[in-house]
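Peer 1: When you get a sec, could you give me coordinates for this:
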Amino acid sequence: MTIREVEHEITVQAPATAVYRLIAEVENWPRIFPPTIYVDHSPQGPGEEVIRIWATANGEAKTWTSRRTLDSEALRITFRQEVSAPPVAAMGGAWVIEPVSDTSSRVRLLHDYRAVDDDPKGLEWIDEAVDRNSRSELAALRKNVELAYASDDLTFSFEDTVQIAGSAKDVYDFVDQAGLWSERLPHVATVRLTEDTPGLQELEMDTRAKDGSVHTTKSYRVTFPHRKIAYKQTTLPALMTLHTGYWTFTENEAGVAASSQHTVTINTDNIAAVLGPDATVGDAKEYVRTALSTNSRATLGHAKDHAEQRAGR
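Peer 2: Okay, here's the model as predicted:
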């Protein structure tokens with residue numbers, strides 16, 4: 001049995017306790033780690049939790065379940081995959097955060113793993129994925145922790161909700177069946193949807209802006225019938241460095257409340273090129289929010305018509 005042990009590290013200009021907290025709170029992960037699409041977590045007692053992660057590895061979308069032990073005093077988080085995705089047979093490791101000074105810290109990311117049937121090609125695939133993801137995660141961690149200490153608030157969230165006199169299933173199906181959007185949504189020119197793993201979708205589409213220009217975007221989506229679809233955009237428009245979000249479908253006495261939530265980080269490097277030399281971060285936020293909200297509300301409006309027609313309303 002071949003067990004590989006590897007270590008990656010990086011120095012971050014932020015206090016060790018702040019870095020620990022960011023890693024411990026897994027709901028932050030899609031925002032700070034490029035490979036992570038979505039994380040679901042269930043507390044299992046003091047300092048123990050089970051998390052399910054959906055992420056990309058070597059360009060492929062994967063999902064796995066891990067058990068984590070959190071030690072806030074030692075600034076250490078250990079993890080062990082409970083359900084791994086082939087070619088991984090077993091994987092575990094730890095995040096170790098060490099204070100360097102009051103304002104900087106060293107983050108060490110440890111991994112141990114083995115391949116299914118000790119297959120050399122499988123092990124090589126894991127080596128490459130662990131190395132790429134570890135470097136990506138640590139670089140993103142440093143960038144995002146340090147951004148948290150910057151003066152500009154570049155990340156923001158917003159939500160649009162529409163009340164629909166129909167069933168949650170019909171509204172969910174409309175959003176889930178994105179492969180039909182080019183036929184159902186005027187702002188979608190073309191769409192390519194694949195779902196090789198049930199509940200894990202890859203969505204690429206060309207959308208039309210109000211000025212007639214066409215933009216290509218790519219997202220990974222995680223589906224939870226018939227209540228939620230979470231997503232992360234991986235091919236981004238010029239004004240964004242991050243775009244995550246989710247659709248939720250909540251039944252109530254009047255039918256279903258369908259919501260579209262977005263979390264966005266503004267790309268300050270492109271504000272002048274897109275909006276002009278005098279544009280501010282505030283202008284960019286308003287522009288992005290209007291564009292995303294317009295598309296979301298259009299999608300929710302068509303989903304409303306679809307569900308209410310099926311309900312005979």
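
Peer 1: Low-confidence bits of the stretch 101-250 of the chain, can you list those?
Peer 2: Low-confidence segments of the stretch 101-250 of the chain (pLDDT under 70): 148-152.

Peer 1: Helices of that one, start to end?
Peer 2: 120-148, 168-176, 181-184 (DSSP state H, counting those that start in this stretch).

Peer 1: Would you indicate which residues of the longest one are buried?
Peer 2: What it means is helix 120-148. 122-123, 125-126, 129-130, 133-134, 137-138, 140-142, 144-145, 147 (16 or more other CB atoms under 10 Å). The C-beta positions use only the backbone N, C-alpha and C, and glycine is treated the same way.

Peer 1: do the same with the shortest one
Peer 2: Within helix 181-184, the residues scored as buried using 16+ other CB under 10 Å are 181, 182, 184.

Peer 1: if I look at residue 109, how far off is residue 136?
Peer 2: The spacing between residue 109 and residue 136, counted by CB to CB, to the nearest Å, is 11 Å.

Peer 1: what does residue 225 give?
Peer 2: 31 Å.

Peer 1: repeat for residue 203
Peer 2: For residue 203 relative to residue 136 (CB to CB), the value is 22 Å.

Peer 1: Likewise for residue 108?
Peer 2: 16 Å.

Peer 1: what comes into contact with the helix or strand containing residue 92?
Peer 2: According to DSSP states H and E, residue 92 maps onto strand 88-99. Residues from elsewhere that reach strand 88-99, judged by CB atoms under 8 Å, 6 or more residues apart in numbering: 15-16, 19-20, 23, 64, 75-81, 84, 105-117, 122, 126.

Peer 1: Residue 217: what's it in contact with?
Peer 2: Taking CB under 8 Å, 6+ apart, one finds 204, 205, 207, 233, 235, 236, 237 in contact with residue 217.

Peer 1: Show me which of those residues are buried.
Peer 2: 204, 205, 207, 233, 236, 237.

Peer 1: Once you drop chain neighbours, what's closest to the second one?
Peer 2: Just to be clear, that refers to residue 205. residue 191 (4.2 Å; CB to CB, 6 or more residues apart in numbering).
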